[in-house]
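**Student:** Compute the structure for the input listed below.
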Amino acid sequence: MFLFILGILAIIVGLAIAIYAFVDHNQTVGSVTLVVGIVLGVIFIVLSCFASVPTGHTGVVTTFGRVENHTLEAGIATKAPWQKVVTMDNRIQKATVSLSCFSSDIQEVSITYTVNYQIDKANAMTIYKTIGTNYYDNVIAPNVAESVKVVTARYTAEDLVGSRDALAVAIEEVLSEKL
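**Tutor:** Residues are numbered from 1 along each chain as shown. Take a look at the predicted model:
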């Protein structure tokens with residue numbers, strides 16, 4: 001949008017200076033200024049019609065804040081000058097959460113849980129529309145914390161030490177239902 005506005009301004013300034021120069025009977029300066037203003041304006045407007053989406057991302061197209069019904073794949077794509085492209089990361093991301101939980105026998109347990117997450121390209125538009133780009137902090141982190149605490153409360157402190165695999169599977173099941 002910035003380049004589009006800059007292009008329009010370049011054309012307007014070129015026209016204004018050219019008109020002023022023609023009024024002063026200086027047609028050479030007026031002609032050169034007009035051509036330069038129009039050329040710069042067209043270049044900026046054309047550049048504003050392209051967007052670059054990095055590899056591993058999906059481009060969500062918005063028009064004046066409203067999410068459009070299509071997304072852009074990685075690479076260079078065309079768009080209207082007044083549209084904005086928001087990139088959503090589709091790569092597998094890793095987050096580690098350290099939590100203090102209580103076991104079923106009311107023993108405080110410190111747990112470090114690592115979750116690998118990834119958004120689906122097909123859902124990138126919906127996630128941006130309903131949650132935004134900060135989906136980890138708004139949705140994933142609270143659900144990870146809640147799931148770990150709920151599952152940890154099912155086990156005694158002694159069982160937690162010996163049942164790490166079962167604990168991990170149970171947390172993944174609860175987390176999968178919520179997310």
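**Student:** When you work out contacts or count neighbours from here on, use the C-alpha atoms and nothing else.
**Tutor:** Will do.
**Student:** Phi first, then psi, for whatever residue is furthest in space from the centre of the chain.
**Tutor:** Distance from the C-alpha centroid of the chain, by C-alpha atoms, centre = their mean, peaks at residue 25 (53.2 Å). Phi and psi for residue 25, reported as degrees, to the nearest 10, are phi 60, psi 30.
**Student:** gap between it and residue 37?
**Tutor:** 19 Å (C-alpha to C-alpha, to the nearest Å).
**Student:** same deal with residue 57?
**Tutor:** In this structure, residue 57 and residue 37 are 36 Å apart, going by C-alpha to C-alpha.
**Student:** who's more crowded, these two?
**Tutor:** It is residue 37, of residue 57 and residue 37, that has more neighbours when counted by other C-alpha atoms under 10 Å, with 24 against 20.
**Student:** which non-adjacent residue is nearest the more buried one?
**Tutor:** In space, and not counting its chain neighbours, residue 37 is closest to residue 14: 4.1 Å by C-alpha to C-alpha, 6 or more residues apart in numbering.
**Student:** Go through the helix or strand that neighbour falls within and flag the buried ones.
**Tutor:** Residue 14 belongs to helix 2-23 when elements are defined using DSSP states H and E. Neighbour-count burial for helix 2-23, counted by 16 or more other C-alpha atoms under 10 Å, picks out 3-19, 21.
**Student:** how far does it sit from the chain's center?
**Tutor:** Between the centre of helix 2-23 and the centre of its host chain there is 35 Å, according to C-alpha atoms, centre = their mean, to the nearest Å.
**Student:** Check stretch 130-143 too.
**Tutor:** Here stretch 130-143 is found 12 Å from its chain centre; the criterion is C-alpha atoms, centre = their mean.
**Student:** Could you do stretch 39-50 as well?
**Tutor:** 25 Å.
**Student:** Likewise for stretch 26-35?
**Tutor:** Mean C-alpha position of stretch 26-35 versus that of the full chain (C-alpha atoms, centre = their mean) differs by 45 Å.
**Student:** ok, and for the helix or strand hosting residue 113, which residues are buried?
**Tutor:** Applying DSSP H and E as the criterion places residue 113 in strand 108-117. By neighbour count on 16+ other C-alpha under 10 Å, the buried set for strand 108-117 is residue 109.
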